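Prediction below, plus the sequence it came from.
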Amino acid sequence: MHILYARKNTGSAAVEALLEVLGLAYELREVEKDADQNAPTWYLKINPRGEVPALQLPDGQVITESAAMMIYLADLKPEANLAPATTSPTRASYLRWLVYLAANAYTSDLRMYYPERYSTELNHASAIKSQAIRHLARDFDIFANQISPSPFIFGNQVSAADIYASMLFTWADDVAVLFSRQPKLKTVFDATSKISGVAKAWTRNGMT
Ligand SMILES: N[C@@H](CCC(=O)N[C@@H](CS)C(=O)NCC(=O)O)C(=O)O
């Protein structure tokens, strides 16, 4: 069985949603921060970076990096069609967007939410946050301008990329503004969030 190390409304939400949609058995282990807002010591043995998510595979090995988990899990059950097949013409684009979102939107989000971590000078934090908000908007604009959802990124079949992207939309500084500027993202989000396994995970994570 898979074990997902998680905290509500973090990057584990997309992995949880994918596990639900795939119908794979998993155990969820919540990783609460300690009184100093650091990862608990026991968890550093699981992920030395102290970040969630981490995923323990049935053979005992642990992987980190949420996008890698999405790719790995969707490929594990090809009959569920949550990932284009390796021979599909959309496979390269699917991998591109998953990695793009993890490398750009997710990291812009982290700078926006934790700006004080990105400089040795505390008074740099508000400038770092303002720039992160601009970068996040640019990250999503580039993405939105290159997709043609109907209603999912790759046509009428949901993929792990839709789930991952939808989680990231909910972390935007102003989701309503994002969706009115980029209605294609709202199309992806609305269709993805209606899928029962996704809706279940969003609700458990307190996401809207
Ligand atoms: N690159 C990692 C980033 C994971 C990450 O930064 N997770 C955040 C929560 S969304 C975290 O645990 N941060 C540590 C903290 O909040 O102190 C991934 O994609 O899994």
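On my side now, so go ahead.

Name the residues of the lengthiest helix in the chain that are buried.
When the chain is parsed with DSSP state H, its longest helix is helix 125-145. In terms of neighbour count (16 or more other CB atoms under 10 Å), helix 125-145 has its buried residues at Ala125, Ile128, Lys129, Ala132, Ile133, His135, Leu136, Ala137, Asp139, Phe140, Phe143, Ala144. Glycine gets a C-beta too; all of them are placed from N, C-alpha and C.

Quick check: the farthest pair among the residues you listed?
Distance extremes for those: the farthest pair is Ala125 and Ala144 at 28.4 Å, using CB to CB.

Quick check: closest non-adjacent residue to the most centrally placed residue in the chain.
Taking CA atoms, centre = their mean, the centroid of the chain lies closest to Tyr164, which sits 4.0 Å from it. In space, and not counting its chain neighbours, Tyr164 is closest to Ala14: 4.7 Å by CB to CB, 6 or more residues apart in numbering.

where's that neighbour, which helix or strand?
Taking DSSP states H and E as the definition, one finds Ala14 inside helix 12-22.

Near the ligand, which residues of this structure? Just list them.
Contact residues (CB under 6 Å from any ligand atom) of the chain with the ligand: 10-11, 50-53, 64-67, 102, 106, 110.

neighbours around Arg7, how many?
17 (other CB atoms under 10 Å).

For it, give me its contacts.
When contacts are counted by CB atoms under 8 Å, 6 or more residues apart in numbering, Arg7 is found next to Glu30, Val31, Glu32, Lys33, Val52.

who wins for most neighbours among those residues?
Greatest neighbour count in those, by other CB under 10 Å, goes to Val52: 26 neighbours.

for it, what are its contacts?
Neighbour list for Val52: Tyr5, Ala6, Arg7, Thr10, Gly11, Ser12, Val31 [criterion: CB under 8 Å, 6+ apart].

can you do 6 Å?
Listed by CB atoms under 6 Å, 6 or more residues apart in numbering, the contact partners of Val52 are Tyr5, Ala6, Arg7, Thr10, Ser12, Val31.

Now for the residues you listed: which two are most distant?
Of all the pairs that these form, the one spanning the most space (CB to CB) is Tyr5 and Thr10, at 10.2 Å.

about what we covered before: tell me which element the residue nearest to the centre of the chain falls in.
Residue-wise, Tyr164 maps onto helix 160-170 under DSSP H and E.

roughly how far out does that helix sit from the chain middle?
Centre-to-centre, helix 160-170 and its host chain are 6 Å apart (CA atoms, centre = their mean, to the nearest Å).

and Tyr5 and Thr10? which has more neighbours close in?
Tyr5 (23 against 17).

On the strand side of things, show who that one bridges to.
Arg29, Ala54 (DSSP bridges).

And it, how close does it get to Ala67?
Taking CB to CB, to the nearest Å as the measure, Tyr5 falls 16 Å from Ala67.

how about the strands in the protein?
Assigned by DSSP state E, the chain shows strands spanning 2-6, 26-30, 54-56, 62-64.

counting contacts, what elements does the last one pack onto?
When contacts are defined as 3 or more CB pairs under 6 Å, 6 or more residues apart in numbering; DSSP states H and E, strand 62-64 packs onto strand 54-56.
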